[in-house]
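S.K.: curious how this folds, go ahead:
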Amino acid sequence: MRAVRYHEYGAPEVLRAEEVDDPTPGADEVLVQTTATGVNYFEVQVRAGVVPDPLGQPLPHTPGIEVAGTVVAVGPGVDSGRIGERVVGTVASGSYAELVVVPAAAAIPLDERLGEHQALALLGQGATAVGVIEAADIAPGDTVLVEAAGGGIGTLLVQLAKRAGARVVAGASGTAKRQLAADLGADVTVDYTRPGWTEAVGPVSVVLETVGGQTAREAYSLLAGSRARMVIFGSASGVPVEITSQQLLPVGAALIPFSLGYRPERWSEFARRAEELTVRGELTPVIGTVLPLAEAAAAHRAFETRTAIGKTILTA
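M.R.: Here you go, the predicted structure:
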């Protein structure tokens with residue numbers, strides 16, 4: 001089979017499509033013939049060496065955690081009736097490939113009301129967005145700053161915050177991303193990569209924080225009100241969120257961390273809620289770049305140049 005691997009950390013060009021042995025499903029696993037796989041910014045950061053591989057896997061390495069396709073074989077302990085089933089699922093790594101071994105419990109039958117690309121966009125990013133909104137406890141009257149509002153999670157957060165009755169300020173780095181956020185319901189858009197961007201925003205009651213570094217500190221300074229809070233769910237800049245006591249005490253806003261890794265028992269629930277909202281027409285996952293598997297380097301490059309919009313998908 002063909003799989004995308006890298007033998008060293010570095011620029012997107014270290015990603016290469018190579019011939020490797022077909023995998024075999026073990027106990028309680030299924031083998032999925034891939035039709036599409038999702039690309040996530042964390043994979044870009046690990047490949048670039050910006051953040052360490054949390055699994056500590058040796059090189060060469062095949063990235064990717066999301067897969068959609070058809071079950072073509074099953075391992076011991078799995079009903080053979082699953083062969084031929086269309087599924088979406090998550091793995092620890094290795095989904096940038098034509099064949100992917102997936103834990104049977106993590107291979108979810110595709111909701112036929114959704115397309116595969118929609119289902120991939122909601123599997124991790126949709127679940128995260130629903131969880132972040134719940135953690136933020138957004139209510140009518142809140143003013144919410146959504147960072148990275150043009151990305152796969154950000155585009156969903158803009159819609160969900162608006163649906164909750166908030167006034168939404170969308171932060172994004174490019175004109176196309178800000179226009180997309182406005183089209184999705186944002187009341188105000190701002191380029192948070194420009195000096196002095198906070199002056200165009202004014203006070204907010206909620207920050208949905210995923211950039212980290214200086215951007216996080218500047219966003220925190222905007223928080224005001226008795227229930228001011230910042231939900232932290234990422235650090236796309238590669239620099240963690242660091243709010244010093246010198247800034248924390250005068251502002252007094254709550255810092256709320258959120259990760260699906262901290263809430264694994266609710267991952268499927270959050271994903272189902274995102275899917276139901278989509279089916280009802282209350283949430284629209286934005287499908288951005290769709291490229292063949294062999295062009296994974298181009299997909300990663302788009303993230304690094306801040307041109308990726310919505311969900312990025314590779315097809316096999």
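S.K.: what residues does the helix or strand hosting residue 216 touch?
M.R.: According to DSSP states H and E, residue 216 maps onto helix 213-220. Around helix 213-220, the neighbours that count as contacts under Cβ atoms under 8 Å, 6 or more residues apart in numbering are 145, 147, 171, 192, 197-198, 207, 209, 211, 230, 232, 235, 237-243, 247-248, 251, 253. Yep, even glycine has a C-beta here, placed from its N, CA and C like the rest.
S.K.: and these, which of them are in strands?
M.R.: Of the positions in the contacts of helix 213-220, 145, 171, 207, 209, 230, 232 sit in strands, assigned by DSSP state E.
S.K.: pick out the most distant pair among those residues.
M.R.: Largest separation among these by Cβ to Cβ: 171 and 232, giving 14.8 Å.
S.K.: so for the two, which sits in the more crowded spot?
M.R.: Set residue 171 next to residue 232 and count neighbours by other Cβ atoms under 10 Å: residue 171 wins out with 29 against 22.
S.K.: for the residue positioned nearest the centre of the chain, give me its contacts.
M.R.: The chain has residue 125 as the residue nearest its centroid, 3.9 Å off, counting by Cα atoms, centre = their mean. Contacts for residue 125 were tallied using Cβ under 8 Å, 6+ apart; they are 38, 40, 152, 153, 156, 285, 311.
S.K.: which of these ranks first by neighbour count?
M.R.: residue 156 (32 neighbours).
S.K.: surely it touches residue 282?
M.R.: No. Residue 156 is not in contact with residue 282 according to Cβ atoms under 8 Å; the separation is 11.2 Å.
S.K.: ok so, going back, just the buried residues of the contacts of helix 213-220.
M.R.: 145, 147, 171, 192, 197-198, 207, 209, 211, 230, 232, 235, 237, 241, 243, 253 (16 or more other Cβ atoms under 10 Å).
S.K.: and the helices in the stretch 51-200 of the chain?
M.R.: In the stretch 51-200 of the chain, the segments counted as helices under DSSP state H, counting those that start in this stretch are 116-121, 127-136, 152-163, 175-183.
S.K.: reformat these as JSON lines; add mean pLDDT.
M.R.: Converted to JSON lines, the helices of the stretch 51-200 of the chain look like this (pLDDT from 0 to 100):
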{"stretch": "helix 116-121", "mean pLDDT": "95"}
{"stretch": "helix 127-136", "mean pLDDT": "96"}
{"stretch": "helix 152-163", "mean pLDDT": "97"}
{"stretch": "helix 175-183", "mean pLDDT": "96"}
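S.K.: okay, these in a markdown table with distance to residue 202 next?
M.R.: Shown next, in a markdown table, are these (distance: least, Cβ to Cβ, whole Å):
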| stretch | distance to residue 202 |
| --- | --- |
| helix 116-121 | 32 |
| helix 127-136 | 19 |
| helix 152-163 | 16 |
| helix 175-183 | 17 |
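S.K.: ok, residue 52 to residue 42 distance?
M.R.: To residue 42, residue 52 is 11 Å away according to Cβ to Cβ, to the nearest Å.
S.K.: same deal with residue 135?
M.R.: Here the distance between residue 135 and residue 42 works out to 19 Å (Cβ to Cβ).
S.K.: helices and strands of this structure: which one has the lowest mean pLDDT?
M.R.: The weakest-scoring helix or strand in the chain, judged by mean pLDDT, DSSP states H and E, is helix 245-251 (a mean of 88).
S.K.: now do the helix or strand following it: which elements does it pack against?
M.R.: Downstream of helix 245-251, the first helix or strand assigned by DSSP H and E is strand 254-257. Counting contacts by 3 or more Cβ pairs under 8 Å, 6 or more residues apart in numbering; DSSP states H and E, strand 254-257 packs against strand 229-232.
S.K.: flag every buried residue along stretch 303-313.
M.R.: By neighbour count on 16+ other Cβ under 10 Å, the buried set for stretch 303-313 is 303, 304, 306, 308, 309, 310, 311, 312, 313.
S.K.: using a markdown table, lay out the residues you listed together with secondary structure.
M.R.: Shown next, in a markdown table, are these (DSSP: H, G, I helix; E, B strand; the rest coil):
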| residue | secondary structure |
| --- | --- |
| 303 | helix |
| 304 | helix |
| 306 | coil |
| 308 | coil |
| 309 | coil |
| 310 | strand |
| 311 | strand |
| 312 | strand |
| 313 | strand |
